[in-house]
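>>> The amino acid sequence is not available; the structure is as follows:
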């Protein structure tokens, strides 16, 4: 698998995609038709929903009943997999039917974009105006992945006038951290990040370092700086969730790599306000998971035309 020459910010996005996929692509062999579980002979077909507590398949309504009881539901994704965004929209729609005051928080937006997102939810912006005002395709500012992949989520939000909020750091900041570390940010840039950034979780660090060491890392000075960028990213999203959720439940749309084993964003949310939460990890057939990845693992098709890796 060859990595093209990338800038520091594009390299961080590459790493994020690999982290979110939760797998290593090992060539061009035809992928298995089922999801496998590490260190077991268990395999599961598309549309199976697994409870990792019982290690059994559960019905969609059973999972939904559980999700409806908690304050925060983090639904993962591989960014390029359209099936994942369809599932996210389906969960949002179903939980909104139970909680009309539901809000949706998205990794895809800088946490300062809430006024624009509110206008989308209110039906005041058309598609092109929304893309422009969120700087969706603007390098170092916007998300950049194909907008159509996320259309089911945005349409669900607008049709139901669901409150939509941004969670992420401003796009240029992770690149600066990866090159010079947290301590060398300008004061106004540091003020845009979480008040507290935890870099002491050894299991999380080992997970991130394993991914880091498997691929070239153009423009990133050291793993320590890369890890600081990752933690700043995740703690800022966690702080955004806590500050913006209020008294209503929130569905969080976020990459798989930020929820795996809960040591990315979920534990950082819990450390701030002990919110009740669940995680739903979306895993494509042909990949492998551990039972400790999330509260639920939903087996999905692969991204069209390619393995679930960028």
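Ah, there it is. Because the structure is predicted, anything quoted here is derived from the model rather than measured.

>>> I'd like to know how many residues surround residue 41.
Neighbourhood size, residue 41 [other Cβ atoms under 10 Å]: 6. Yep, even glycine has a C-beta here, placed from its N, CA and C like the rest.

>>> Could you check how far it is from residue 110?
With distances taken as Cβ to Cβ, to the nearest Å, residue 41 is found 44 Å from residue 110.

>>> now do residue 265
According to Cβ to Cβ, residue 265 and residue 110 sit 16 Å apart.

>>> Residue 270 too?
For residue 270, the distance to residue 110 (Cβ to Cβ) stands at 24 Å.

>>> and if you look at residue 58?
In this view, residue 58 and residue 110 are 36 Å apart by Cβ to Cβ.

>>> okay, the two: which has more neighbours?
Higher neighbour count among residue 58 and residue 110: residue 110, with 23 against 17, using other Cβ under 10 Å.

>>> Am I right that that one is in contact with residue 168?
Yes. With contacts counted by Cβ atoms under 8 Å, residue 110 reaches residue 168, the gap being 5.4 Å.

>>> Next, the residue sitting furthest away from the middle of the chain: phi, psi?
Distance from the C-alpha centroid of the chain peaks at residue 41, with 28.4 Å (Cα atoms, centre = their mean). As for residue 41, its main-chain torsions (degrees, to the nearest 10) stand at phi -100, psi 20.

>>> which intervals of the stretch 51-200 of the chain have sub-threshold pLDDT?
Applying pLDDT under 70 to the stretch 51-200 of the chain flags no residue at all.

>>> which neighbours does the strand or helix carrying residue 280 have in its sheet, and in what orientation?
For residue 280, the host element (DSSP states H and E) is strand 277-284. Its sheet considered, strand 277-284 pairs with strand 72-75 (parallel), strand 296-300 (parallel) by DSSP bridges.

>>> Can you tell me the strand partners of the next helix or strand after it and which way each runs?
With elements assigned by DSSP H and E, the helix or strand that comes after strand 277-284 is strand 288-289. Strand pairing for strand 288-289, using DSSP bridges, gives strand 35-37 (parallel).

>>> who does the next helix or strand after the strand it pairs with pair up with?
Next helix or strand after strand 35-37 toward the C-terminus (DSSP H and E): strand 43-44. Looking at strand 43-44 with DSSP bridges, its partner strands are strand 35-37 (antiparallel).

>>> Tell me who's in contact with residue 284.
Counting by Cβ atoms under 8 Å, 6 or more residues apart in numbering, residue 284 makes contact with 35, 78, 81, 83, 299-303, 307-308.

>>> Looking at those residues, which are in strands?
The members of those that map onto strands under DSSP state E are 35, 299-300.
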